[in-house]
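Peer 1: fold the following and give me the result.
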Amino acid sequence: MTMQDRFLAAASFRAFIDAAKENRELWTAQARLARVSPDAVARVRRLGRTVHLLVLNEDWCGDAVNTVPFVARLAEEAGIDLRSLGRDANPDLMDAHLTGTARSIPVVMILDENFEELGWWGPRPTQLQEWVLTEGLKLPAEERYREIRRWYARDKGVTTVNEIVALLERVAGTREEAAA
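Peer 2: Take a look at the predicted model:
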C-alpha cells in the first residue's frame, strides 16, 4: 500500500474522535477548546506548496490528546488536510519514526503533494521531551505524569504549534525566524 493510499484511507480528525473508545470526552473537549494564533495560521498559508499531515496516534495516549487537537486546529484553519492512523495498526510506519526504542506517539508526518514524506514531529514538544528524559525520569511515574499534564495545561498547545509551523517552513523551504 502506498503512502497516498494510506493517507486517503486514514480517518479525518473528526472521524478519529467519533471512533474513540478511550478518553473520548477529553478528545472532544480538547478539540473544542484548541486555539492557534492567527500568526501561525498565516505562516502556514504562506508555505507556497501543498502539504498533507498524517498523524500516528491512539485514543489512549495522553501526549496525543494534549497535542493533536492543536495540530488539527492549525491544519483546519490553514486549509491543510490532516488524517489519523492508528499506531498499532501501522507498525512499519511507527518503526520508521522511533525516537528511541519505544513506539512513542503522536508522530505527525508532513507529506508533499505526491504524498512523499518531507519530515516528521513527535512525540512531545522538545522542551517537555528533554525534561521527561532527564529530570522527569528521577520522579515516580505518577508524579512525572502529573507534571507532564501541568506542562501541557500551562502551554495550551503553543509550543506544539510553533514546532510544527517551524518544521513546515523548513521542509517547504520558506523558513521564517520563529518568535521566541
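Peer 1: okay, the helix or strand hosting residue 63 in CSV with CA atoms only?
Peer 2: Residue 63 is part of helix 62-78, with elements assigned from DSSP states H and E. The C-alpha coordinates for helix 62-78 follow below in CSV (Å, rounded to 0.1, in the frame of the first residue of the first chain):
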residue,chain,number,x,y,z
GLY,A,62,-2.1,11.4,26.9
ASP,A,63,0.5,13.2,24.8
ALA,A,64,-1.6,12.8,21.7
VAL,A,65,-4.7,14.2,23.4
ASN,A,66,-2.7,17.2,24.5
THR,A,67,-1.1,18.0,21.2
VAL,A,68,-3.0,16.6,18.2
PRO,A,69,-6.1,18.8,18.7
PHE,A,70,-3.9,21.9,18.3
VAL,A,71,-2.3,20.4,15.2
ALA,A,72,-5.7,19.6,13.8
ARG,A,73,-7.0,23.1,14.5
LEU,A,74,-3.9,24.6,12.8
ALA,A,75,-4.5,22.3,9.8
GLU,A,76,-8.2,23.2,9.7
GLU,A,77,-7.6,26.9,9.8
ALA,A,78,-4.7,26.8,7.3
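Peer 1: report the contact partners of the nearest residue to residue 81 once chain neighbours are set aside.
Peer 2: When the adjacent residues along the chain are set aside, residue 81 lies closest to residue 52, with 5.1 Å between them (C-beta to C-beta, 6 or more residues apart in numbering). For the C-beta atoms, the positions are set from N, CA and C on the backbone; glycine is no exception. Residue 52 sits next to 7, 80-83, 110-112, 115 when contact means C-beta atoms under 8 Å, 6 or more residues apart in numbering.
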